[in-house]
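Asks: just the structure for this:
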Amino acid sequence: RAASCSEDRECIVACYSREVLGQSGAGHFSPIGGYHEGTDAVLILDVARFKYPPHWARLADIAQAMCQVDPDTGRPRGWLHMRPPAVASDDCGLAAPLRIPFIPAAAGRRLSEALSVALAEETPECTGGG
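Replies: Alright, predicted model coming up:
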């Protein structure tokens, strides 16, 4: 609730089991775009828009989906609360980029694989593909 009302640059990214929400697929990461107090629901801004558009999910359901154990880590899923450090500007007063000091191993592997594929597609001459 606090992050959805904040004027600071912060966001929550949920790592959850799609199956618990009645969706196809397994583990997934998506940012939370808002909170509706009247229905106690969060707006999931699904990053796989081709599969699921932004949608509302009851907070109790997303909490249960985040408690599911990730088979890669053997630990419950969860969330990332990302926000810049207290002093986050450069010499010109511009906001500094968001820095995430820790990424779970399973997420790091997936990000690394996605980056490798994207780089191979964009610059095949640099990755031995062309």
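Asks: helices along the protein, start to end?
Replies: Per DSSP state H, the chain carries helices over the ranges 2-5, 59-67, 105-122.
Asks: mind putting those in JSON lines, distance to residue 33, mean pLDDT and mean neighbour count included?
Replies: Glycine gets a C-beta too; all of them are placed from N, C-alpha and C. Listed next are these as JSON lines, based on distance: least, Cβ to Cβ, whole Å; pLDDT from 0 to 100; neighbours: other Cβ atoms under 10 Å:
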{"stretch": "helix 2-5", "distance to residue 33": "8", "mean pLDDT": "56", "mean neighbour count": "13"}
{"stretch": "helix 59-67", "distance to residue 33": "12", "mean pLDDT": "91", "mean neighbour count": "16"}
{"stretch": "helix 105-122", "distance to residue 33": "20", "mean pLDDT": "72", "mean neighbour count": "12"}
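Asks: which among those is found nearest to residue 14?
Replies: helix 59-67 (6.0 Å; Cβ to Cβ).
Asks: ok, longest strand in this protein?
Replies: Criterion DSSP state E: the longest strand present in the chain is strand 27-36.
Asks: who does that one pair with, and is each partner parallel or antiparallel?
Replies: Here strand 27-36 is paired, per DSSP bridges, with strand 11-17 (antiparallel), strand 41-44 (antiparallel).
Asks: what does it rub up against?
Replies: 1, 3-5, 11-18, 41-48, 54, 56, 59, 68, 70, 72, 77, 79, 106-107 (Cβ atoms under 8 Å, 6 or more residues apart in numbering).
Asks: returning to what we had before: any chance of the strands paired with strand 27-36 in JSON lines, with distance to residue 32 and mean pLDDT too?
Replies: Shown next, in JSON lines, are these (distance: least, Cβ to Cβ, whole Å; pLDDT from 0 to 100):
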{"stretch": "strand 11-17", "distance to residue 32": "4", "mean pLDDT": "87"}
{"stretch": "strand 41-44", "distance to residue 32": "5", "mean pLDDT": "90"}
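Asks: picking up where we left off before, make a markdown table from the helices of the chain and add distance to residue 37 to it.
Replies: Putting the helices of the chain into a markdown table (distance: least, Cβ to Cβ, whole Å) gives the following:
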| stretch | distance to residue 37 |
| --- | --- |
| helix 2-5 | 9 |
| helix 59-67 | 10 |
| helix 105-122 | 30 |
